[in-house]
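please find the sequence and the predicted model below.
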Amino acid sequence: MSQFTFTDPAAQEYYRQGESELQSTQSAEAVLKKADAFGRKDARADIMQSAFYYLAAAHFLESRDLATSAQAYHQAGYQLHRLEQFTQAGRAYSNAGRLGERAAQSAETGSARHDLQHFAVRSYSRANHCFAEVGELEWSEAEYLNERNARVTWAKMQGKHPWAQLAWRATSNYGTSFSRWGLWVLATIGLFSLLYELFFQLQWLRPMENTNTAVWIPIWSGIYYSVNVTAALGLVDYEPSNVISQGVVIVNVLIGYILLGIGIGIIGRMIKSR
């Protein structure tokens, strides 16, 4: 099995035993029953045998029964986690999520699709936590993204349209991409800078009363105004005097708050992961 490397001779032997039984019977039922029986015990050797019997059965079933294969990988992940083999557990859970999603796509009934997709979400979540426990941050982040994408698919299966999740993915890849967020901030500032420059020319931005208003400098003042409104700083000398310009400022403020919240989330996640 190419996904797993067995450094423990005992684990390798248990996996080979499971493979041998599968090849002789061409059925995974007996191996899965043995894996379940061993998994109910507390001895380390029994737990290990359960884990690698599950892995052997899962691999055998990949081309035969996606849903059962996914369940077997999930159970293998659980037993490996009991053994504190977190990297192996993470890989098993990841395979469970991947196969669970494939099984959901080919399921005949809506309820089966929902259940399998939800199962995939849970498997990816556990894979994420397993990799995080051993500091495999890149793998952990990959499973986090798999989980989020699986959640979006699950929501759509339920007849919901997850606009917030899709917007989060578009602006920052679920809070993981600082560069994507930065591009959205720059694009927002650039777009509203052009609008404010236009509004000034149309006299839809007027100097505030009772203030020493700074002279409007073409291009630069539009950028300055956009940055201030986007960041909700309020350090501006001009006020919108038209319904359209007022509406644009409101939209700019709302977008600014959203981008600020996403940015804080990204930084918090970066600090936590380090």
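Looks like it came in fine.

surely residue 239 is in a strand?
Yes: the secondary structure assignment for residue 239 places it in a strand, going by DSSP: H, G, I helix; E, B strand; the rest coil.

how about it: which residues does it bridge to?
On the basis of DSSP bridges, residue 239 takes part in beta bridges with residue 206.

let me know whether it touches residue 208 as I believe.
Yes: with contact taken as C-beta atoms under 8 Å, residue 239 and residue 208 are classed as touching, separated by 5.3 Å. (C-beta placed from N, C-alpha, C; glycine too.)

so those two - more neighbours on which side?
Taking neighbours as other C-beta atoms under 10 Å, residue 239 and residue 208 compare with residue 239 leading, 14 against 11.

and the more buried one, how close does it get to residue 17?
Note on residue 239: its distance to residue 17, by C-beta to C-beta, to the nearest Å, is 78 Å.

and residue 199, by the same measure?
Following C-beta to C-beta, the distance that separates residue 199 from residue 17 is 76 Å.

for the two, work out which one has more neighbours and name it.
Remark: of residue 199 and residue 17, residue 199 carries more neighbours, 24 against 16, as counted by other C-beta under 10 Å.

within the helices and strands, which one has the more buried one?
When elements are defined using DSSP states H and E, residue 199 is found to belong to helix 178-201.

using PDB, write out every CA atom in that helix.
Provided in PDB are the C-alpha atoms of helix 178-201 (Å, rounded to 0.1, in the frame of the first residue of the first chain):
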ATOM      1  CA  PHE A 178      -2.700  36.500   3.300                       C
ATOM      2  CA  SER A 179      -1.600  37.300  -0.200                       C
ATOM      3  CA  ARG A 180      -5.100  36.700  -1.600                       C
ATOM      4  CA  TRP A 181      -6.600  38.900   1.200                       C
ATOM      5  CA  GLY A 182      -4.000  41.600   0.400                       C
ATOM      6  CA  LEU A 183      -4.900  41.600  -3.300                       C
ATOM      7  CA  TRP A 184      -8.600  42.100  -2.300                       C
ATOM      8  CA  VAL A 185      -7.700  45.000  -0.100                       C
ATOM      9  CA  LEU A 186      -5.700  46.700  -2.800                       C
ATOM     10  CA  ALA A 187      -8.400  46.100  -5.400                       C
ATOM     11  CA  THR A 188     -11.000  47.500  -3.000                       C
ATOM     12  CA  ILE A 189      -8.900  50.600  -2.400                       C
ATOM     13  CA  GLY A 190      -8.200  51.000  -6.100                       C
ATOM     14  CA  LEU A 191     -11.900  50.700  -7.200                       C
ATOM     15  CA  PHE A 192     -13.200  53.100  -4.600                       C
ATOM     16  CA  SER A 193     -10.400  55.600  -5.200                       C
ATOM     17  CA  LEU A 194     -11.600  55.900  -8.800                       C
ATOM     18  CA  LEU A 195     -15.200  56.300  -7.700                       C
ATOM     19  CA  TYR A 196     -14.300  59.000  -5.200                       C
ATOM     20  CA  GLU A 197     -12.200  60.800  -7.800                       C
ATOM     21  CA  LEU A 198     -15.300  60.700 -10.100                       C
ATOM     22  CA  PHE A 199     -17.600  61.900  -7.300                       C
ATOM     23  CA  PHE A 200     -15.400  64.900  -6.600                       C
ATOM     24  CA  GLN A 201     -15.400  65.900 -10.200                       C
END
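
what number of residues lie near residue 231?
Using other C-beta under 10 Å, residue 231 has 16 other residues around it.

contacts only, for it.
Taking C-beta atoms under 8 Å, 6 or more residues apart in numbering as the contact definition, residue 231 lies against 256, 260.

now it: how far from residue 175?
With distances taken as C-beta to C-beta, residue 231 is found 20 Å from residue 175.

got it, and residue 61?
As defined by C-beta to C-beta, residue 61 lies at a distance of 35 Å from residue 175.

where are the low-confidence patches of the chain?
Scanning the chain for pLDDT under 70 picks out the ranges 1-5, 273-274.

can you list the domains in it?
Here the chain is described, according to automatic domain parsing, as comprising the domains 9-161, 178-273.

neighbouring contacts of stretch 179-192?
Applying C-beta under 8 Å, 6+ apart, the set of residues contacting stretch 179-192 is 171-173, 223, 225-227, 229-230, 248, 252, 255-256, 259, 262-263, 266.

chain center to that stretch: distance?
Relative to the mean C-alpha coordinate of its chain, stretch 179-192 is positioned 22 Å out (C-alpha atoms, centre = their mean, to the nearest Å).
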